[in-house]
Structure formats: C-alpha cells, structure tokens
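A.B. asks: for reference, the sequence and a predicted model appear below.
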Amino acid sequence: MNAPFNPARSSHREPFVAFVCDESTADAIRPIVAEMGWAPDKVHRGGLRNAVQTLSVSASPNILFVDLSESGDPLNDINALAEVCEPGTVVLASGQVNDVRLYRELLASGIHDYLLKPLNADMLRDCFAHAQAVLNAPKAVDPGSERAHCATAVIGTRGGCGASTIATSLAWMISEKHSRTTALLDLDVHFGTGALALDLEPGRGLTDAIENPSRIDGLFIERAMVRASERLAVLSAEAPINSPMMTDGTAFYQLQEEIRGAFETTIIDLPRNMLVNHPHLIADVQVAVIVTELTLAAARDAIRILSWFKSNAPQTRLIVVANKTHPAAMLEISRKDFEGSIERRIDYVLPYDQKVAAQAAKIGKTFAEAGKNNKALGPLAELAQQLCVLADTGDAAPAAAKSKGAKPGTPRGEAAKGGSLLSKLGKLKLPGRGK
Ligand SMILES: Nc1ncnc2c1ncn2[C@@H]1O[C@H](COP(=O)(O)OP(=O)(O)O)[C@@H](O)[C@H]1O
Ligand SMILES: [Mg+2]
C-alpha cells in the first residue's frame, strides 16, 4: 500500500492484524493465527471500515487481513485503506463475491490475495505462509535498477494449445503497449515459432549458445538476439533435426541470466518437456502462464503440471489460461468441470478465433496484434497488464522466496467443489487437496 512511509512508526509494527465482519470468520482465523505464532487477540471485528479507522491513527502491521463482506464498493474502500496503510504491509482480503474481475482489480490495487468465503484452515494456512514468505524474501526491486525484472514462462499443457501464440502475443503487448524492453526466449529449439510469428529469421544465436555456453555474455546477447522492434528482441532457433541437441541446460540458464541484465521483461516459451529435463530453469521464473485447451487430456496434464509446480517451484505465481475455447455445447469438458479437476479457477479465457489466427499468419504479426480490435481477445491484454503489475509490485514472489505452500493465484474454495472428472483422474489429484 502506498501512504507515505514513516520509519518511526514502522518499528512498532505488529506482525499480523485482522478486521473481520463476523464471529465465524474470526473463529476460522484465530487458530491459524496462533499456529503462525501471531496474537489471536489481534483479530478484531468491524471489517474494512474499522481497518481504515484504526490504521489512520496507528502503525500498519506487517500482514493485514481485511474482511470486505460488509463493503458495498470494495474497490473504492480499498483505496481508502491504501491512503492510511503504510508501504510494505502485505494486505490479504476476503469476501463472498466470487468475481474474477473484482479479484484482478483488487490485485491491481495492491492486495496480495483474496480469499473466498467460507474460509477453511488449509486456505488460510497457505495464504498466511505465502504472505510471510513474501515478507521474508529479499525485495525484488534492486535499488540500482528502475524496475524489477520479471521473467514469465508460458507453458502449454498439450502441443497446439496456443502456448507459443500467447507467448509471442504477450511479448509484443508488453513491449509495445507497456513500453518495456522485452526478450522473447523461445526454448523450443527445434520447432520454435517465436521468430516465425514475428516474421523474422531466427538466426544462429540460440544454437550457438547451446553448443558453446561459455561464450554467453552481455555482448553475445546483444549480437545474437534478433530485433523485432525498438523494445522487442527474440532468441529462437530452427535447430537441425538430424541430430539431438546436446545440452545439460547450462546454456539456457546462462541465457536467462544475461537477458535478465539486459531487458526489463523476459517471456520464455517453455515446452513442457523442459520441466522434466531442466527443472532448474524455473528457479528464476516469477510467473508461469499455463495455457490449456478444455479437453480431457489437457485436464490430466494441467493437473500434473500444476502439481509439479506445487512440489518443485511453490514460489512461482501460476496463471491458468484456457485458449481456443468453443461455445459451451461444443466443449469436450465444460469450464466448470475443468476447474473442478484442476482444483482452481481458470484466470483467463480466450475464444477460438480462426480469423485472427489466419490474419496473424498472413501479415506476419502476432495473434494479439492481428486481433487488437477484437473485443473477445480482451483477456489477452488484461493478462499482459497483470504481468506488468506483478513486476511493478514485486508481488510475483521472487525466486528466493521460500514459500511453504503453493499458492494458486486465484480465489480458492469454489473451484475445488467441482470434481466430476476427479473420479476419472482421481489419482492425479493435487496432493493434499482432495477429499
Ligand atoms: N485462440 C486461438 N484461436 C484460433 N487459433 C489459435 C488460437 N490460439 C492459437 N491458435 C493456433 O493454433 C495453432 C497452434 O498454436 P501454437 O501457439 O503453435 O501452439 P503450441 O505452442 O501450444 O504448440 C497455431 O496455428 C495458432 O495460430
Ligand atoms: Mg509452441
């Protein structure tokens, strides 16, 4: 939150304070607060209104929990809270409104997470542990640079679901609409389409880097990356397919590092088999966009990939995008069933739009640029915006964050209720989430 920072006050910060609207919420929170080693008597009644009143005359806590249930205009009221809440406070909100748009707007206004009521012990435990990890983590913003670097991996649950389409689109939007220097690193070294989508020749840069990782330095990056515009550059390859590429992943890791020094944003088109072969690549990725179609096979693999993140990279913020969606009657699996299976919400839904895809290929531009006047593709722009907000707030937890529990980036509770597919995919459930 953004009220003027007052160091004198911050030395008296409480670790945790909550303002809830009803006794059942207080009852749900107190035991978990105690588990975390915080004081249960810091759980007060009076919701957001009381939070604003109290914080206007006292120091902000490190972690603030506000119940928005009695708020008629949560966004407006959150702004009032921002006026009195000091920077550095991690604000957690909760309420009964299950609306992903509200959720995104709350995140954009600086809220760290939003929990959907009714609250349960597991979701509170996850949420508090994550908030604590964010507080403990070294700050993402290094004082020497104006903006923190944000690396986002785009991963398709299945081939053809549009991961590369979304990766190139995000890179284009972030560089063009948000004016950030952006590198698109296409790690599909044999069949990558990063350069193709931008109507560029991939060059030999990536292949050279893999064959000779010791050559990778700032100068190499400058030469090897193919410029698409003033602020967008691509590293992609069409490596020969008559022999395998021999690499232990060092080259990819080093490329990530050099790119981090040279660009504000990295978008990595990351084929899912990279998670298997080079899991350490995710260590420096703050956000993973999981692109999926709404099919049975994709549901199975989405579950497995989400579960992989939970065990291997719990600090990575996950965003799920359903792409190429058709009208409900034509879907292999409904959105609701899909969400039930993966036990979390889908964050963004993009329709199947053959016209835009064909137009993009014809004019040699990204899907986002070809469809920029198409309202149905609005969520793509929202996603690009969210990535920029996460980079600015440092809320995409930095790689060093040691979060105990994985933290899906969406309101919890509702999605877990679905589960018609769970009977089929039962043994693939995310560990610890099933009933
Ligand atoms: N929303 C969409 N509507 C229509 N076609 C799409 C959409 N998203 C992607 N495509 C098309 O699907 C094909 C596969 O996309 P691609 O991004 O290469 O998938 P992946 O990288 O996941 O294998 C491409 O021809 C692309 O133009
Ligand atoms: Mg691809």
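C.D. replies: Yep, it's here. Ligands and ions are numbered 1, 2, ... in the order given.
A.B. asks: CA-only coordinates of the helix or strand where residue 54 lies in PDB, if you can.
C.D. replies: Residue 54 is part of helix 47-57 when elements are defined by DSSP states H and E. Extracted as PDB, the C-alpha positions of helix 47-57 are listed here (Å, rounded to 0.1, in the frame of the first residue of the first chain):
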ATOM      1  CA  GLY A  47     -14.200  -5.200   8.800                       C
ATOM      2  CA  LEU A  48     -12.700  -2.800   6.300                       C
ATOM      3  CA  ARG A  49     -14.300   0.300   7.900                       C
ATOM      4  CA  ASN A  50     -12.700  -0.400  11.300                       C
ATOM      5  CA  ALA A  51      -9.400  -1.200   9.500                       C
ATOM      6  CA  VAL A  52      -9.300   2.300   7.900                       C
ATOM      7  CA  GLN A  53     -10.200   4.000  11.100                       C
ATOM      8  CA  THR A  54      -7.700   2.100  13.200                       C
ATOM      9  CA  LEU A  55      -4.800   2.400  10.700                       C
ATOM     10  CA  SER A  56      -5.300   6.100  10.300                       C
ATOM     11  CA  VAL A  57      -4.200   6.500  13.900                       C
END
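A.B. asks: so how far is it from its chain's centroid?
C.D. replies: Helix 47-57 sits 30 Å away from the centroid of its parent chain (C-alpha atoms, centre = their mean, to the nearest Å).
A.B. asks: can you report how many residues lie near the closest residue to ligand 1 within the stretch 1-150 of the chain?
C.D. replies: The stretch 1-150 of the chain approaches ligand 1 most closely through residue 100 (18.9 Å), counting by C-beta to the nearest ligand atom. Glycine gets a C-beta too; all of them are placed from N, C-alpha and C. Neighbour count of residue 100, defined by other C-beta atoms under 10 Å: 17.
A.B. asks: distance of it relative to residue 16?
C.D. replies: Look at residue 100 and residue 16: by C-beta to C-beta, to the nearest Å, they are 27 Å apart.
A.B. asks: which of the residues in the helix holding residue 54 are buried?
C.D. replies: 47, 48, 49, 50, 51, 52, 54, 55 (16 or more other C-beta atoms under 10 Å).
A.B. asks: now do the end-to-end distance for stretch 240-251.
C.D. replies: Length of stretch 240-251, first residue to last, C-alpha to C-alpha, to the nearest Å: 17 Å.
A.B. asks: other residues contacting it?
C.D. replies: If you take C-beta atoms under 8 Å, 6 or more residues apart in numbering as the criterion, stretch 240-251 is touched by 189-190, 207, 209-210, 212-213, 216, 239, 277-278, 280-281.
A.B. asks: look up the pLDDT of the residue of the stretch 1-150 of the chain closest to ligand 1 for me, please.
C.D. replies: Residue 100 is assigned 81 on the pLDDT scale.
A.B. asks: for residue 151, which non-adjacent residue is closest in space?
C.D. replies: Nearest residue to residue 151, sequence neighbours excluded (C-beta to C-beta, 6 or more residues apart in numbering): residue 266, at 4.3 Å.
A.B. asks: thinking the one you found is in contact with residue 170, fair?
C.D. replies: No. Contact criterion C-beta atoms under 8 Å: residue 266 and residue 170 do not qualify, at 10.7 Å.
A.B. asks: excluding its backbone neighbours, what's nearest residue 313?
C.D. replies: Using C-beta to C-beta, 6+ apart, the closest residue to residue 313 is residue 282 (4.5 Å).
A.B. asks: against ligand 1, how distant is that neighbour?
C.D. replies: 18 Å (C-beta to the nearest ligand atom, to the nearest Å).
A.B. asks: correct me, but that residue touches residue 311?
C.D. replies: No. Counting by C-beta under 8 Å, residue 282 sits too far from residue 311 to count as a contact (11.5 Å).
A.B. asks: between those two, who's got more neighbours?
C.D. replies: residue 282 (23 against 10).
A.B. asks: would you tell me which residues of the stretch 101-250 of the chain are close to ligand 1?
C.D. replies: 156, 159, 160, 161, 162, 163, 164, 165, 193 (C-beta under 6 Å from any ligand atom).
A.B. asks: host element of residue 184?
C.D. replies: With DSSP H and E as the test, residue 184 turns up in strand 182-186.
A.B. asks: which helices and strands does the next helix or strand after that strand pack with?
C.D. replies: Downstream of strand 182-186, the next assigned helix or strand under DSSP H and E is helix 194-197. In terms of contacts (3 or more C-beta pairs under 8 Å, 6 or more residues apart in numbering; DSSP states H and E), helix 194-197 is packed against helix 163-176, strand 182-186, strand 232-235.
A.B. asks: distance between the longest strand seen in the chain and the chain's centre?
C.D. replies: Longest strand in the chain, counting residues (DSSP state E): strand 317-325. Distance of strand 317-325 from the chain centroid (C-alpha atoms, centre = their mean) equals 10 Å.
A.B. asks: now do the SS call for residue 24.
C.D. replies: Assigned with DSSP: H, G, I helix; E, B strand; the rest coil, residue 24 falls in the helix class.
A.B. asks: the closest residue to it other than its chain neighbours is in what secondary structure piece?
C.D. replies: Among residues not flanking residue 24 along the chain, residue 118 sits closest, at 7.5 Å (C-beta to C-beta, 6+ apart). Here residue 118, judged by DSSP H and E, is contained in no helix and no strand.
A.B. asks: my read: residue 118 touches residue 28, true?
C.D. replies: Yes. Using C-beta under 8 Å, residue 118 is in contact with residue 28, at 7.5 Å.
A.B. asks: of the two, who's got more company?
C.D. replies: Neighbour count, other C-beta under 10 Å: between residue 118 and residue 28, residue 28 has more, with 21 against 12.
A.B. asks: next SSE downstream of the helix holding residue 54?
C.D. replies: Per DSSP H and E, the helix or strand that comes after helix 47-57 is strand 63-67.
A.B. asks: avg pLDDT for the next helix or strand after that next one?
C.D. replies: Using DSSP H and E, the helix or strand that directly follows strand 63-67 along the chain is helix 74-84. For helix 74-84, mean pLDDT is 85.
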